[in-house]
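Novice: Sequence first, predicted model second:
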Amino acid sequence: MSARETQLKLELKKVQELYRKMQADKKALQQQLKEFKTQTGNFSDVVEQVLPSVVSVYVMDWDTGEEISSGSGFFVSPDIIVTNYHVVEDIADEDYFYEEDEVEQVLVETNDGKLRMAEVVFTGNAEEDLALLLITGFMIDPETGEQVESPDEYPPLELSFDVKVGDRVIAVGNPLGQFASTITQGVISEIREPDEYEEGDEEDDDVAEVKVLQTDATINPGNSGGPLINMAGQVVGVNTWGWEDADTINLAIASVALDDFLAGFEETFEDDAEN
């Protein structure tokens, strides 16, 4: 039985429960955006600009229909989504490249309210904490639980490498009902270069091989994997995690590292095509 056929066996009840959760999450986001507009004025326009490109990612156990993990992501091309590797680590190995007979699929909730299928096509390692998903031409029908064609494409976000300490930023993620504050604002408080980490520094072990932005914009499981944007709506980083005991220490993988990661994917894809 193929992965797609297995997923079609997902209980309708489970699909409908997830869909209801999606609708509740969307209402929560709308309310938060309304409050955000009151607090920040024109900054909310920037958030509304990028939201169509931001998604929620659900990693599922296809045998039971249970959710394994979840997070956010965003489109970097009309059909490619970037998210954190730790969101998909339970189903995808490190440094993985798509193989047709080993494809792993996840559910993606797009901003237009559709529950779409996506394939894990490329991953980094725990230090890079990045993964790429390929959106498929199918969505889950909440009425039947079956997959139906839905070949929509979504607007990619633009990357910006021009970032400095003191820049205002906003961490954006799609809402996940059990977490609050998926839109937070702050400033860049530090830019950490890979060669600045000292060997044996346990606090930084998970991010020591990439350029990292530190911000006081709160990054939580709801916006982990989502974009950290500047006031022009450009992506300066990929939200990754924050300290549980220190709200002012939150980390994002810099866009320059994401750009290198995307170049690695393209190179691997081209080499695979030649072979």
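Specialist: Right, received. Where do you want to start? Note that the structure is a prediction, hence the values are computed from the model and not measured.
Novice: Measure how buried G225 is and give me the count.
Specialist: 33 (other Cβ atoms under 10 Å). The way it works is simple: take the backbone N, C-alpha and C, and place the C-beta from them, glycine included.
Novice: That one: what secondary structure?
Specialist: Counting by DSSP: H, G, I helix; E, B strand; the rest coil, the backbone at G225 sits in coil.
Novice: Quick test: name the residue nearest the centre of the protein.
Specialist: Centroid-nearest residue in the chain: G73, 1.8 Å away (criterion: Cα atoms, centre = their mean).
Novice: What helix or strand is that residue located in?
Specialist: strand 66-77 (DSSP states H and E).
Novice: What lies in contact with the following helix or strand past that strand?
Specialist: With elements assigned by DSSP H and E, the helix or strand that comes after strand 66-77 is strand 80-83. Applying Cβ atoms under 8 Å, 6 or more residues apart in numbering, the contact partners of strand 80-83 are 55, 57, 71-76, 108, 118, 121, 130-135, 156, 225, 238, 258, 261-262.
Novice: mind showing which ranges of this protein have poor pLDDT?
Specialist: 1-13, 26, 28-42, 101, 175-181, 195-209, 242-248, 273-275 (pLDDT under 70).
Novice: Contact partners for K164?
Specialist: The contact partners of K164, taken as Cβ under 8 Å, 6+ apart, are I188, I191.
Novice: Touching, N125 and E94? I think so.
Specialist: Yes. Using Cβ atoms under 8 Å, N125 is in contact with E94, at 4.4 Å.
Novice: so what sits against both of the two?
Specialist: Taking Cβ under 8 Å, 6+ apart as the criterion, N125 and E94 both touch Y85.
Novice: partner residues bridging the residue nearest to the centre of the chain?
Specialist: Legend: beta-bridge partners of G73 under DSSP bridges are V55, T83.
Novice: Let's verify A92: helix, strand, or coil?
Specialist: Of the three states, A92 takes coil according to three-state DSSP.
Novice: Can you tell me how far the nearest residue to K211 once chain neighbours are set aside is from V210?
Specialist: Using Cβ to Cβ, 6 or more residues apart in numbering and skipping residues adjacent in sequence, the residue nearest K211 is A254, 4.0 Å away. Remark: distance between A254 and V210 (Cβ to Cβ, to the nearest Å) = 7 Å.
Novice: Could you pull out the helices in the chain for me?
Specialist: Counting by DSSP state H, the segments of the chain that form helices are 3-8, 12-40, 43-50, 85-88, 255-274.
Novice: Need the contact partners of the last one.
Specialist: Among residues not part of helix 255-274, those counted as contacts by Cβ under 8 Å, 6+ apart are 76, 82, 97, 121-122, 124, 128, 130, 132, 159-161, 163, 210-211, 235-238.
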